[in-house]
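**Student:** give me the fold of what follows.
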Amino acid sequence: MFLFIQLFIVLVLAFISYEQQAVVAVWVPAYSSAVAPITKHTDAAKDLYSLEITAGDVQLHFLIDIDAPLAWHQCIVKWPLSPAKCPKNEYCATYIPCNELGCSDIRMSYSYESPSCMPVNNKTLLPGAECTCPVNVANPVTGKCLHVALSYDEFYIKTSNGRNMLSEIYGGYPNSGCAPSSAMISFPKNVTGVIPFSRSKYAYPSQLVDPLKNILALCLPSTTAAPGVLLFGDTPYYLLPHSDVDVRSLLSYTPLLEHPSSFGYFIGINSIVIKERSIDLPMNTTARISTIDPYTTLRTDIYNRVVQRFIKVTKRIPRAEPVIPFSLCFKSFSNGTHSGLRVPDIDLHLQGGKKWTISTANSIKQITKDVACLALVDVGAKSEPAIVIGTFQLEDNFIVFDLVNSTFGFSSSLLHKQTSCSNFNFTLTN
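**Tutor:** From the prediction side, this is the model:
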């Protein structure tokens, strides 16, 4: 009898162990890193960057926005019990009723607020259904406010090894908004949505299974001819032709800062140094990293001092008439997509003692064959934050948002390493 009891206990424990393993197998992600190509677009009012997204059976391109709190895109909101079929080549999403908790949560904490926003209401109805949940979002191209209908979605990013990475919030939470096709008029061709990578709980990192959400890396391409790269997870990132060089070995790190009224990413800048002359900044000067603003913007007091210093160190270069939005331009010649000028580096001295170098490729914009300009913009005397680092300064720089350690990693220009954001050999860790 005693042996029978022992055997019974062993079988029970084995069954429990098997069940636990089965449960674990359900939740462990299939891979701990993922990579997807970034496309550069130059056919809108400003250069923008997108990822290819799979929504349902439809392939879409969404703009990358690391500030936006919520994904939104062109689609049709649909009542789940509606007998009507979704039109061919369109994407239909299940709407969120206005009386659900998720609706009030987004409106109170995540909806975009601006004087240009019309008040939202619950009067929008679907045939045979309850009221939908309109919320405010910002068009990243025009800056204008628009209403989108909150919805449930299933998004997939196609990774470099052919896998699809699921991004769906389970448990009844909304994760996207449906917008009319008219909202996409200002977007680049074939781009029909916005995908957020901010700190918002409705943004992409919060929707990914651990450990993918812990680390986000971006490398924006400087050309439309070849893609850049977006990566999730902590894995080696190899450069070509240096296939044995892990990009992480090139990175310096500075603390990531939080802003009380933004879901974006901020770093602290102590000073700006140009040819060994330091331009000290006010205490606690912060800079926001942007994937939407095309050029770095500076508050007027900082901008004037930087430009005055740059005028002195480039006094031998012939001047050209200013080209909006730039105030300092030079006579130049083009060399492909890059300026033929060579100017002193602009060094950002950051919190923690690290230095981020902005070299000629990221400071001088070739406007015409004969004119190039300092790609910095005066954003006004009352700008907050004082500095926004734009995409032109980020191109061909490898940057990492490490949400585990709350640090920002940066490489400075990869061109100095005889490579670029379009020359990666991706190795995924399973």
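**Student:** got phi/psi on S104?
**Tutor:** Recorded main-chain torsions at S104 are phi -70, psi -30, according to degrees, to the nearest 10.
**Student:** state the number of residues packed around it.
**Tutor:** Under the neighbour criterion other Cβ atoms under 10 Å, S104 is assigned a count of 12. Where you see a C-beta, it was placed from the backbone N, CA and C, and this is true even at glycine.
**Student:** if I pick the nearest residue to D378 once chain neighbours are set aside, what's in contact with it?
**Tutor:** For D378, the nearest residue in space outside its immediate sequence neighbours is Y303; the separation is 4.4 Å by Cβ to Cβ, 6 or more residues apart in numbering. Contacts here follow Cβ atoms under 8 Å, 6 or more residues apart in numbering; on that basis Y303 touches L376, V377, D378, V379.
**Student:** return the member of these nearest to P385.
**Tutor:** Nearest to P385 among these is V379, at 9.7 Å by Cβ to Cβ.
**Student:** how much space between the closest one and I279?
**Tutor:** V379 sits at a distance of 17 Å from I279 (criterion: Cβ to Cβ, to the nearest Å).
**Student:** swap in T39?
**Tutor:** The gap separating T39 from I279 is 36 Å, by Cβ to Cβ.
**Student:** quick one, helices of the chain?
**Tutor:** 2-27, 101-109, 204-207, 300-313, 360-363, 391-394 (DSSP state H).
**Student:** tell me the buried residues in the second one?
**Tutor:** Translated: helix 101-109. If you call a residue buried by 16 or more other Cβ atoms under 10 Å, then helix 101-109 has these buried ones: G102, C103, I106, R107.
**Student:** just flag the most distant two among the residues you listed.
**Tutor:** Looking at the buried residues of helix 101-109 by Cβ to Cβ, the two members farthest from one another are G102 and R107, with 9.6 Å of separation.
**Student:** show me the protein divided up by domain.
**Tutor:** Under automatic domain parsing, the residue ranges defining each domain of the chain are 34-209, 237-426.
**Student:** re earlier: and which of the buried residues of helix 101-109 is nearest to V273?
**Tutor:** Of all the buried residues of helix 101-109, I106 has the smallest distance to V273: 42.8 Å, by Cβ to Cβ.
**Student:** and stretch 281-299, which residues are buried?
**Tutor:** By 16+ other Cβ under 10 Å, the buried positions in stretch 281-299 come out as 281, 285-299.
**Student:** mean confidence score for it?
**Tutor:** Confidence over stretch 281-299 (mean pLDDT, whole number) is 96.
**Student:** end to end on that stretch, go ahead and measure it.
**Tutor:** Using Cα to Cα, to the nearest Å, the span of stretch 281-299 from its first residue to its last is 11 Å.
**Student:** re the thing from before, shared neighbours, G102 and R107?
**Tutor:** When Cβ under 8 Å, 6+ apart defines a contact, the residues bordering G102 and R107 alike are C133.
**Student:** and P180, what does it touch?
**Tutor:** Shown here is P180, whose contacts under the criterion Cβ under 8 Å, 6+ apart are Q74.
**Student:** so how far is T192 from it?
**Tutor:** When distances are taken as Cβ to Cβ, P180 and T192 turn out to be 11 Å apart.
**Student:** pLDDT weak spots in the protein?
**Tutor:** When residues are selected by pLDDT under 70, those of the chain lie in 1-32, 56, 80-83, 124-129, 158-174, 207-213, 334-339, 424-430.
**Student:** what do you get if the cut-off is 50, keeping everything else the same?
**Tutor:** Along the chain, the parts satisfying pLDDT under 50 run over 1-29, 168-173, 427-430.
**Student:** contacting residues for the residue positioned nearest the centre of it?
**Tutor:** Compute the mean C-alpha point of the chain, and by Cα atoms, centre = their mean the closest residue is I66, 3.4 Å away. With contacts defined as Cβ under 8 Å, 6+ apart, I66 is in contact with P196, F197, S198, L218, G264, Y265, I289, S290, T291, F401.
**Student:** please enumerate the strands of the stretch 101-250 of the chain.
**Tutor:** Counting by DSSP state E, counting those that start in this stretch, the stretch 101-250 of the chain has these strands, from start to end: 134-138, 145-152, 155-158, 164-167, 176-179, 191-196, 215-219, 228-232, 237-239.
**Student:** make TSV out of those and add distance to E52.
**Tutor:** Written out in TSV, the entries for the strands of the stretch 101-250 of the chain read as follows (distance: least, Cβ to Cβ, whole Å):
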stretch	distance to E52
strand 134-138	21
strand 145-152	20
strand 155-158	6
strand 164-167	11
strand 176-179	16
strand 191-196	10
strand 215-219	15
strand 228-232	11
strand 237-239	20
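**Student:** okay, the ones you listed in JSON lines with mean neighbour count and distance to N270 next?
**Tutor:** Formatted as JSON lines, the strands of the stretch 101-250 of the chain follow (neighbours: other Cβ atoms under 10 Å; distance: least, Cβ to Cβ, whole Å):
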{"stretch": "strand 134-138", "mean neighbour count": "23", "distance to N270": "31"}
{"stretch": "strand 145-152", "mean neighbour count": "22", "distance to N270": "35"}
{"stretch": "strand 155-158", "mean neighbour count": "20", "distance to N270": "37"}
{"stretch": "strand 164-167", "mean neighbour count": "18", "distance to N270": "37"}
{"stretch": "strand 176-179", "mean neighbour count": "27", "distance to N270": "39"}
{"stretch": "strand 191-196", "mean neighbour count": "26", "distance to N270": "30"}
{"stretch": "strand 215-219", "mean neighbour count": "23", "distance to N270": "24"}
{"stretch": "strand 228-232", "mean neighbour count": "23", "distance to N270": "29"}
{"stretch": "strand 237-239", "mean neighbour count": "21", "distance to N270": "28"}
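**Student:** the ones you listed: which one's closest to K355?
**Tutor:** strand 215-219 (19.7 Å).
**Student:** residues in contact with that closest one?
**Tutor:** 38, 64, 66, 197, 205, 228-234, 237, 291, 394, 396-404, 409, 414, 421, 424.
**Student:** just the buried members of these?
**Tutor:** The neighbour-count criterion (16+ other Cβ under 10 Å) marks 38, 64, 66, 197, 205, 228-234, 237, 291, 394, 396-403, 409, 414, 421, 424 among the contacts of strand 215-219 as buried.
**Student:** picking up where we left off before, right, so of the strands of the stretch 101-250 of the chain, which gets closest to I324?
**Tutor:** From the strands of the stretch 101-250 of the chain, taking Cβ to Cβ, the stretch that ends up closest is strand 134-138, at 23.2 Å.
**Student:** can you list the strands that that closest one pairs with?
**Tutor:** strand 145-152 (antiparallel) (DSSP bridges).
**Student:** check what contacts the partner strand and list those residues.
**Tutor:** By Cβ under 8 Å, 6+ apart, the list of residues contacting strand 145-152 from outside reads 72, 75, 77, 93-96, 102-103, 106, 112, 114, 116-118, 120, 124, 132-139, 174-179, 183.
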